[in-house]
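Q: One predicted model, sequence on top.
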Amino acid sequence: MFKQKRKISNQGGFTLVEMMVTVAIVGIVSSIAVAGYLGWKPGYVFRGAVSQVRGDLNRAKMRAVETRRQCRIVFSTDGYQIEDGNRVMNSTNYTVNMVRDFSDFPQVTITDSGAAIVAGSEPTITFSPRGTATLGSFRVEHPSAGGADIAVNITGRVNITWL
């Protein structure tokens with residue numbers, strides 16, 4: 001009645017040896033990629049921190065021009081804060097506008113041109129409503145990525161010198 005046909009099929013697949021070779025190749029390539037990433041990451045973190053500081057310095061300058069009052073940035077070892085003054089010049093009271101720390105940038109520190117920042121003598125840069133600034137400089141450092149000196153000149157321009 002029913003005639004059974006013998007089905008000849010070629011069962012395709014991978015052998016154990018082929019799978020082991022593929023896994024070994026993937027492991028070697030991924031170890032090279034991870035090593036490259038780990039070597040690249042500290043520099044990326046450091047440049048991100050310097051970029052954030054530069055942007056916030058420019059933001060403080062623009063805030064002083066916009067509000068027509070002094071605006072200053074006070075630095076500490078673990079970050080800085082942007083403060084708004086109460087007058088056009090010679091402000092006596094400052095209110096905190098924004099606080100930044102370096103929690104997003106591990107191992108990045110701010111120093112006073114290489115020396116540790118001492119409480120009471122923190123570097124402070126003050127911007128006037130005309131966009132001019134008090135002279136000031138400080139250093140942003142990372143143990144493996146290097147450092148950068150950031151200086152603000154009297155015209156309010158931010159200059160970065162990579163070390």
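A: Ah, there it is.
Q: pLDDT weak spots in the protein?
A: Under the criterion pLDDT under 70, the flagged ranges of the chain are 1-11, 113.
Q: which residue ranges form the strands in it?
A: Per DSSP state E, the chain carries strands over the ranges 71-76, 79-85, 94-101, 109-111, 124-127, 136-142, 146-152, 158-162.
Q: which stretches of this structure form helices?
A: Using DSSP state H, the helices of the chain run over 16-67.
Q: and stretch 97-109, which residues are buried?
A: Buried residues in stretch 97-109, counted by 16 or more other Cβ atoms under 10 Å: 97, 100, 102, 105, 108-109. C-beta coordinates here come from the backbone N, C-alpha and C atoms, glycine included.
Q: what's the answer for stretch 59-77, then?
A: Judged by neighbour count using 16+ other Cβ under 10 Å, the buried positions of stretch 59-77 are 59-61, 63-65, 69-75.
Q: got a list of what A33 touches?
A: Residues near A33 by Cβ atoms under 8 Å, 6 or more residues apart in numbering: none.
Q: before we move on, the earlier item: in the buried residues of stretch 59-77, find the pair that's most separated.
A: V65 and F75 (21.3 Å; Cβ to Cβ).
Q: List the buried residues in stretch 143-156.
A: Neighbour-count burial for stretch 143-156 [16+ other Cβ under 10 Å]: 145, 147-152, 156.
Q: Same list, these, but as TSV with distance to R139 please.
A: TSV is the format used below for the buried residues of stretch 143-156 (distance: Cβ to Cβ, whole Å):
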residue	distance to R139
A145	13
G147	5
A148	7
D149	5
I150	7
A151	10
V152	13
G156	20
